[in-house]
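K.L.:
Mind looking at a prediction? Sequence and model below.
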Amino acid sequence: MGQPSVIIVGAGHAGIEAALAAARMGADTKLITPKLKMAGRMPCNPAIGGMAKGHLVREVDALGGRMGVLADAATIQFKRLGTSRGLAVQSSRAQCDKIRYRMFAQQELLSVARLTLIESSVNALRIAAGGSGIEGVELADGSFVAGSHVVLCTGTFLGGRLHTGMRARQGGRAGEAPSNRLALQLRDMDLPIARLKTGTVPRLDVRSLDWENLPEQQGDDPEGRFSFYTKTTRLRQVKCRVTHTTDRTLEIVRRALDRSPVHVGVIDGPGPRYCPSLEDKIHRFPERAEHRIFLEPEGLDTPEIYPNGISTALPVDVQQEFVRSIPGLERAIILRPGYAVAYDFVDPQALDHRLALSKLPGLFLAGQINGTTGYEEAAAQGLWAGINAVLDARDEAPFILRRDQAYMGVLVDDLVTRGVSEPYRMFSSRAEHRILLREDNADERLMPTGRTLGLIDDSQWAAFEAERAERTRGHEFLAKRYTPNAEVRGQLEELGIKPPKSAFRTGDLLSRKGVTWQDLCRWQPQLSELGPRTKQALEAQVRYAPYLEESKRRIAADNKWMERRIPEDFDFSKVGGLRTELVELWSRRRPKTVGEASRLRGATPAGITALIVFMSVDHQRRPLNP
């Protein structure tokens, strides 16, 4: 078999991860994008990570992806979110210098062998006779690029249309043309295509703001990192500021709602529920007088401020008026107005778990084309699709992660089994096994897989093994047993720890309420020698130990049936007790496993139970597919 040939269309966060993965796995890879200088651009908020999103970044990193490395190099403020909650849901967020992030991303692309960068638009896919596969892509100048596998990472460019007030213009984002001919071809392929929208905030000039007198929001982890193995020198750290809307702000926006394309029906397609525009906030929460606004610097060498919380598509004059009604922004100058963008996406239920289009062999989709929102969701899909494009070209087993193995597994499974009715965003609540899927153990869960795929090099693997050895030593310290004799009781009482009445292990103390890692270090100084990541991982394992064991038992029991394959000719109408709607759903979608059947939108616990009971009896009459 010859060298795999993979084409990546688009150089956003999905396209970068797909291209780097494919090239590093040995494929002859072409990355095609209209403007190479825009590769790696952060067109929305200047941050990587956030609640549950930080988990995705750590998982991408553990598999050999590069988003975490790029974010670490460009971080100008690092925070830990959810620290008042359990360790399982705490996440990292890095405020980044957007210019440096883009520069580092482009340097990364230029440093990888077997990766060719092509500056052009893709007009069309060239499809083999009879739709048997992909032959390559046709560029804007009429030239042809051959490739057996294509990953579309088109972001908001498919049929993109920009809206500011009642004025609409074509564009994938401000200053960049849409991809209309490719959008039309995909529609002609009779794919399930619909429209979504998203929006941006007006960028403000920091020199026009009352910056120093606004409340500060500082980072809380100056040495925080996403990547498990980079030793990046930290850039100068910055402070963000906080302000809020006022009654006057809300009055201005309400008065102008008839000029909002979102509210007069000019824009087609729903927007992100969890990142609504200011117009949506006022419409959905009329009782709220204030909405918080986080003023985030976009970099160390730019005056631009990102006012997180006031995404808008109102006319420019209204934007100027309402911005100046906000405390600290009374003399604000808008450098770039906010706008909304509407674009095509493909219903991800048309994909299989490889993120491959079932209808056309060799075509993979990743990022916002699948109905998601967010840099992190895009990067995770890009890595996933890039890996699978190479494996498919080699005719090797696909790369698939289950829901109990990674947040990435939850993301992909949600998309392909449930589809989207609005831009999809990852939340920890979507991960039913989140106690197992923590940020601190992403390397333990996934780095061996990244190594097998060829995406973790020798130096990274050596660093991982060193840290794994350190965790083993930490486990040994925590497993050390003690008898509560007079000496031990005295030591513990001196630290304010009530001594156990019977023999105990060091780790047992940490599971007690009020006992901290620092308390243990004072009692057992050798624990102080462990690194911060090791400490976090060990503490989580100790505190969650009973729940972890129960989760593993439940997963093992569930997987016994959830992984059971359903015969291709299975007749769902024979399952007693199923509602007609569920019979029709499963008959149409043909789920391959009981687990896949359970996750389709419309499936019910009662229906799954009926299916399992029927199959447990039916398999005695005929063997199920292995």
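P.N.:
Received, thanks.

K.L.:
what ranges do the helices span in the stretch 51-200 of the chain?
P.N.:
53-62, 67-74, 98-110, 180-188 (DSSP state H, counting those that start in this stretch).

K.L.:
now those as CSV including mean pLDDT?
P.N.:
Listed next are the helices of the stretch 51-200 of the chain as CSV, based on pLDDT from 0 to 100:
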stretch, mean pLDDT
helix 53-62, 97
helix 67-74, 97
helix 98-110, 98
helix 180-188, 95
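
K.L.:
Of those helices, which stretch is the most buried?
P.N.:
Compared across the helices of the stretch 51-200 of the chain, helix 53-62 shows the largest average neighbour count, a mean of 30 (mean count of other CB atoms under 10 Å). Where C-beta positions appear, they are placed from N, C-alpha and C, glycine not excepted.

K.L.:
which strands and helices sit next to that helix?
P.N.:
On a contact count with 3 or more CB pairs under 8 Å, 6 or more residues apart in numbering; DSSP states H and E, helix 53-62 meets helix 67-74, strand 91-96, helix 375-393, helix 407-418, helix 442-453.

K.L.:
V238 is nearest to which of the ones you listed?
P.N.:
strand 91-96 (7.1 Å; CB to CB).

K.L.:
got the buried residues for the closest one?
P.N.:
91-96 (16 or more other CB atoms under 10 Å).

K.L.:
Name the surrounding residues that touch that strand.
P.N.:
For strand 91-96, the external contacting residues (CB atoms under 8 Å, 6 or more residues apart in numbering) are 42, 46-55, 57-58, 71-72, 74-82, 219, 221, 224, 226, 238, 240, 296-297, 299, 428, 439.

K.L.:
Can you select the buried ones from the residues you listed in ChimeraX?
P.N.:
Remark: buried members of the contacts of strand 91-96, expressed as a ChimeraX selection using 16+ other CB under 10 Å:
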select :42,46,47,48,49,50,51,52,53,54,55,57,58,71,72,74,75,76,77,78,79,80,81,82,219,224,226,240,296,297,299,428,439
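
K.L.:
re the thing from before, redo the helices and strands packed on helix 53-62 as JSON lines? Include distance to T154.
P.N.:
Below are the helices and strands packed on helix 53-62 laid out as JSON lines (distance: least, CB to CB, whole Å):
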{"stretch": "helix 67-74", "distance to T154": "19"}
{"stretch": "strand 91-96", "distance to T154": "23"}
{"stretch": "helix 375-393", "distance to T154": "11"}
{"stretch": "helix 407-418", "distance to T154": "16"}
{"stretch": "helix 442-453", "distance to T154": "25"}
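
K.L.:
who touches K359 in this structure?
P.N.:
K359 touches 131, 189, 191, 350, counting by CB under 8 Å, 6+ apart.

K.L.:
Domain-wise, how is the chain divided?
P.N.:
5-197+342-453, 203-339, 458-548, 563-621 (automatic domain parsing).

K.L.:
Can you tell me which of those domains is packed in deepest?
P.N.:
Comparing the domains of the chain by mean count of other CB under 10 Å gives domain 5-197+342-453 as most buried, with a mean of 22.

K.L.:
Figure out how far that domain is from the centre of its chain.
P.N.:
9 Å (CA atoms, centre = their mean, to the nearest Å).

K.L.:
and if you look at stretch 225-234?
P.N.:
On CA atoms, centre = their mean, the centre of stretch 225-234 falls 19 Å from that of its chain.

K.L.:
Likewise for stretch 288-304?
P.N.:
Computed by CA atoms, centre = their mean, the separation of stretch 288-304 from the middle of its chain amounts to 22 Å.

K.L.:
What is the end-to-end distance of that stretch?
P.N.:
One end of stretch 288-304 sits 28 Å from the other (CA to CA, to the nearest Å).

K.L.:
I'd like the numbering to begin with 883 instead of 1 from here.
P.N.:
Yes, from this point I'll number from 883; that puts the last item at stretch 1170-1186.

K.L.:
sorry, back to before: dump the buried residues of strand 973-978 into CSV; add distance to G1024 as well.
P.N.:
Below are these laid out as CSV (distance: CB to CB, whole Å):
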residue, distance to G1024
S973, 47
S974, 46
R975, 45
A976, 42
Q977, 43
C978, 38
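
K.L.:
what's the closest of the residues you listed to L1245?
P.N.:
Nearest member of these to L1245, counting by CB to CB, is C978, at 31.9 Å.

K.L.:
For beta bridges, what are the partners of the closest one?
P.N.:
On the basis of DSSP bridges, C978 is bridged to T957.

K.L.:
roughly how far apart are it and I1215?
P.N.:
Distance of C978 to I1215, computed by CB to CB, to the nearest Å: 23 Å.

K.L.:
same check, this time on R962
P.N.:
34 Å.

K.L.:
and what of Y1225?
P.N.:
When Y1225 is compared with I1215 (using CB to CB), they lie 30 Å apart.

K.L.:
Turn the buried residues of strand 973-978 into JSON lines, including pLDDT and distance to L1242.
P.N.:
Putting those into JSON lines (pLDDT from 0 to 100; distance: CB to CB, whole Å) gives the following:
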{"residue": "S973", "pLDDT": "95", "distance to L1242": "36"}
{"residue": "S974", "pLDDT": "95", "distance to L1242": "38"}
{"residue": "R975", "pLDDT": "97", "distance to L1242": "38"}
{"residue": "A976", "pLDDT": "96", "distance to L1242": "37"}
{"residue": "Q977", "pLDDT": "96", "distance to L1242": "40"}
{"residue": "C978", "pLDDT": "97", "distance to L1242": "36"}
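
K.L.:
which one of those residues is nearest K1383?
P.N.:
For the buried residues of strand 973-978, with K1383 as the reference and CB to CB as the criterion, the closest is S973, at 38.5 Å.

K.L.:
Identify the residue nearest that closest one in space, chain neighbours excluded?
P.N.:
Excluding its sequence neighbours, the residue lying closest to S973 (CB to CB, 6 or more residues apart in numbering) is G936, at 3.4 Å.

K.L.:
show me what contacts the one you found?
P.N.:
963, 973-975, 1108, 1258, 1321.

K.L.:
same check, this time on D1226
P.N.:
Applying CB under 8 Å, 6+ apart, the residues near D1226 are 1040-1041, 1065, 1068-1069, 1075-1077, 1251.

K.L.:
switch to 10 Å and redo it
P.N.:
Residues in contact with D1226 (CB atoms under 10 Å, 6 or more residues apart in numbering) are 1036, 1038-1043, 1060-1062, 1064-1066, 1068-1069, 1073, 1075-1078, 1151, 1250-1251.
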